[in-house]
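Student: Quick one: sequence and predicted model below, then my questions.
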Amino acid sequence: MKQLLLLRHAKSSWDDPDLDDFDRPLAERGLKAAQSMGRELATRDWLPDLALVSSALRARDSWRLVAMELPALPEVAFARALYGASAAEILNQIRQADHSSGSLLVVGHNPGLEDLAKQLAGPMSETKARKRLEEKFPTGALARFVFEGDWPGLSSARLTHCLRPKDLG
């Protein structure tokens, strides 16, 4: 059984209008949300073997804060291709993951990440998780999927959870 974790970067700051979008840092709220999501991953034992992270600053910082909460660091690949990527482009990156990775975390951006999560959510998905995903996939949100098979064949999976920072208290 493979596990796919799709994490939207945490809330970013708009304080400096002169910054390029790629270089926007996390807002204070985002810093806290990323740490909380990292703790949640560790508590639930949803530990990635591999993390694919957009190379945009807010995604890298989200990953750094999540990783600080994990008991062990997985292999990490930073990918410019995930910045502004469509659902199809993100799925292509996932399909290229090492076959030995049983659990993959992708840290990326909307709308591509949310579109991919909705596309992947197969008929056996948890009703509550699907409803949350359909309502909103805000910054810092995490969608967890499980499926049998290998990364190159991924086209549909069972959505088991959709967690938002506000759900973590």
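Tutor: Looks like it arrived, so ask away. Residues are numbered from 1 along each chain as shown.
Student: Three-state assignment for His161, please.
Tutor: strand (DSSP: H, G, I helix; E, B strand; the rest coil).
Student: Oh, that last question was meant for Arg144, not what I typed.
Tutor: On the basis of three-state DSSP, Arg144 is classed as strand.
Student: Hmm, it is touching Lys2, no?
Tutor: No - with contact defined as CB atoms under 8 Å, Arg144 and Lys2 do not form a contacting pair (11.4 Å). For glycine as for every other residue, the C-beta is placed from the backbone atoms N, C-alpha and C.
Student: Those two: who's more crowded?
Tutor: Legend: neighbour count by other CB atoms under 10 Å for Arg144 and Lys2, higher for Arg144 (24 against 20).
Student: and the nearest residue to the more buried one once chain neighbours are set aside, how many residues sit next to it?
Tutor: With sequence-adjacent residues excluded and distances taken as CB to CB, 6 or more residues apart in numbering, Arg144 is closest to His161, at 4.3 Å. Counted by other CB under 10 Å, the residues lying close to His161 total 20.
Student: can you give me the helices in the chain?
Tutor: 28-44, 57-67, 87-95, 112-120, 127-135 (DSSP state H).
Student: what's the closest of those to Arg8?
Tutor: helix 112-120 (5.3 Å; CB to CB).
Student: nearest spatial neighbour of Ser86, skipping sequence neighbours?
Tutor: Take Ser86 and drop its neighbours on the chain: the residue closest to it by CB to CB, 6+ apart is Gly112, 4.9 Å away.
Student: let me redo that: Asp115
Tutor: Ala87 (3.9 Å).
Student: for the one you found, what are its contacts?
Tutor: Neighbouring residues of Ala87 by CB atoms under 8 Å, 6 or more residues apart in numbering: Gly112, Leu113, Asp115, Leu116, Gln119.
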